[in-house]
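J.: All I have is the shape, not the residue letters:
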């Protein structure tokens with residue numbers, strides 16, 4: 001059930017801009033407009049109206065409750081606030097996460113926030129329906145307040161984390177954005193095709209800690225796949241590992257299979273598996289050992305020569321499983 005903001009303010013006499021309670025009723029008696037006062041209150045908060053894009057903006061009830069949506073927007077992070085919602089003595093509200101970030105000082109009037117809860121606004125929040133915050137990326141769901149929070153944690157339209165390994169990259173976004181980011185900011189090699197031959201050379205293979213973590217992206221079947229190759233310590237054993245990740249959700253990743261092959265001196269090792277979605281973190285995939293694992297001794301044997309230089313050739317292919 002949705003609720004009209006003007007009706008809520010009239011019946012509950014809430015003063016969201018820090019003025020004396022009952023001003024709304026006095027304003028009505030003098031021919032004023034409660035909705036106009038609400039708009040001015042939003043300006044006092046430094047909050048703009050929540051703009052809706054796509055079909056979500058045309059849903060009945062959303063337009064009339066635009067003022068409610070704006071009041072639920074935290075002035076610091078600009079996300080919709082969820083309980084507990086805190087307020088300063090002057091009535092300015094803030095979400096619980098940002099309350100700690102601003103060191104308990106109101107970002108609007110600089111008063112100390114204390115531990116005052118805005119119970120009235122929390123009640124409003126429970127009664128309204130809101131679009132998923134990923135509606136601009138294609139999600140058309142309109143959800144009750146608390147259901148919306150649960151939905152957004154697993155929404156298929158939510159952004160992806162940058163799959164680049166070796167650095168803590170905080171960038172998130174949709175796949176086209178992540179692709180442009182990998183090319184521009186990480187200088188990642190990108191290739192077209194569903195089969196590949198990669199050669200990895202390292203002058204001092206005994207320095208596992210300082211090994212370069214490599215990433216190559218392949219465009220295949222209209223999707224993108226990340227090939228990882230890296231060195232790390234598995235218990236006390238230094239190993240190399242190669243594995244493939246799918247740039248998309250798990251349901252689409254399960255439609256594909258891949259194989260990896262490495263060898264030398266007449267010997268060969270092969271791995272076949274299903275690419276893991278980049279929804280799974282790089283660490284999760286690596287720690288699960290879901291890929292081709294080569295011990296350093298075997299890798300040096302494949303490299304030939306005096307075993308002082310790593311020279312590995314990794315070949316592979318990607319194919320689509322029959323439905």
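T.: Right, received. Where do you want to start? Values in this document were obtained by computation on a predicted structure and should not be read as measured data.
J.: Please pull up the helix or strand immediately following the worst-scoring helix or strand of the chain on mean pLDDT.
T.: Sorted by mean pLDDT, DSSP states H and E, the helices and strands of the chain end with helix 34-45, the least confident at a mean of 32. As assigned by DSSP states H and E, the chain's next helix or strand after helix 34-45 is helix 66-71.
J.: Please name every helix or strand in contact with the next helix-or-strand element following that next one.
T.: Of the helices and strands lying after helix 66-71 in sequence (DSSP H and E), the nearest is strand 85-87. Counting contacts by 3 or more C-beta pairs under 8 Å, 6 or more residues apart in numbering; DSSP states H and E, the secondary-structure elements packed against strand 85-87 are strand 93-95, helix 96-101, helix 119-127. Heads up, the C-betas are built off the backbone N, CA and C, glycines and all.
J.: Name the residues that touch strand 85-87?
T.: Residues outside strand 85-87 that contact it (C-beta atoms under 8 Å, 6 or more residues apart in numbering): 93-96, 99, 113, 115-118, 121-122, 125.
J.: Please pick the buried ones from those.
T.: Applying a neighbour-count criterion of 16 or more other C-beta atoms under 10 Å, the buried members of the contacts of strand 85-87 are 93, 94, 95, 99, 113, 118, 121, 122, 125.
J.: give me every residue that touches the fourth one.
T.: Contact analysis of residue 99 by C-beta under 8 Å, 6+ apart lists 86, 113.
J.: do you know how far it is from residue 119?
T.: Residue 99 sits at a distance of 16 Å from residue 119 (criterion: C-beta to C-beta, to the nearest Å).
J.: and what of the fifth one?
T.: Separation of residue 113 from residue 119 (C-beta to C-beta) stands at 15 Å.
J.: Low-confidence ranges, the stretch 1-150 of the chain, go.
T.: By pLDDT under 70, the low-scoring segments of the stretch 1-150 of the chain are 1-66.
J.: Ignore what I typed, I meant the stretch 151-300 of the chain.
T.: Where the stretch 151-300 of the chain drops into low confidence, which here means pLDDT under 70, it does so at 166, 207-212.
J.: all strands of it, in order?
T.: 160-161, 172-173, 189-192, 195-202, 214-220, 223-234, 237-246, 256-264, 267-273, 276-277, 292-295 (DSSP state E, counting those that start in this stretch).
J.: now the ones you listed in TSV, with mean neighbour count and distance to residue 181?
T.: What follows is these, written out as TSV (neighbours: other C-beta atoms under 10 Å; distance: least, C-beta to C-beta, whole Å):
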stretch	mean neighbour count	distance to residue 181
strand 160-161	17	10
strand 172-173	14	7
strand 189-192	11	12
strand 195-202	14	22
strand 214-220	19	11
strand 223-234	20	12
strand 237-246	22	16
strand 256-264	19	23
strand 267-273	13	27
strand 276-277	20	18
strand 292-295	18	27
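J.: right, and those - which one's nearest residue 182?
T.: Counting by C-beta to C-beta, residue 182 lies closest to strand 214-220 out of these; the figure is 6.3 Å.
J.: How many residues are close by residue 88?
T.: For residue 88, the tally of surrounding residues (other C-beta atoms under 10 Å) stands at 23.
J.: now swap in residue 288 and tell me
T.: 11.
J.: From residue 237, how far out is it?
T.: Residue 288 is 17 Å from residue 237, where distance means C-beta to C-beta.
J.: one step back: for the helices and strands packed on strand 85-87, which one sits closest to residue 233?
T.: If you check each of these against residue 233 by C-beta to C-beta, helix 96-101 wins as the nearest, at 36.3 Å.
J.: just how off-centre is the closest one within its chain?
T.: 20 Å (C-alpha atoms, centre = their mean, to the nearest Å).
J.: swap in stretch 78-97?
T.: Offset of stretch 78-97 from its chain centre (C-alpha atoms, centre = their mean): 23 Å.
J.: Return the residues in contact with the nearest residue to residue 243 once chain neighbours are set aside.
T.: Using C-beta to C-beta, 6 or more residues apart in numbering and skipping residues adjacent in sequence, the residue nearest residue 243 is residue 291, 2.8 Å away. Residue 291 is in contact with 228, 241, 242, 243, 244, 260, 271, 273, 285, counting by C-beta under 8 Å, 6+ apart.
J.: Using TSV, lay out the residues you listed together with distance to residue 251.
T.: Conversion of the contacts of residue 291 to TSV gives the following (distance: C-beta to C-beta, whole Å):
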residue	distance to residue 251
228	22
241	25
242	24
243	19
244	17
260	23
271	23
273	17
285	17
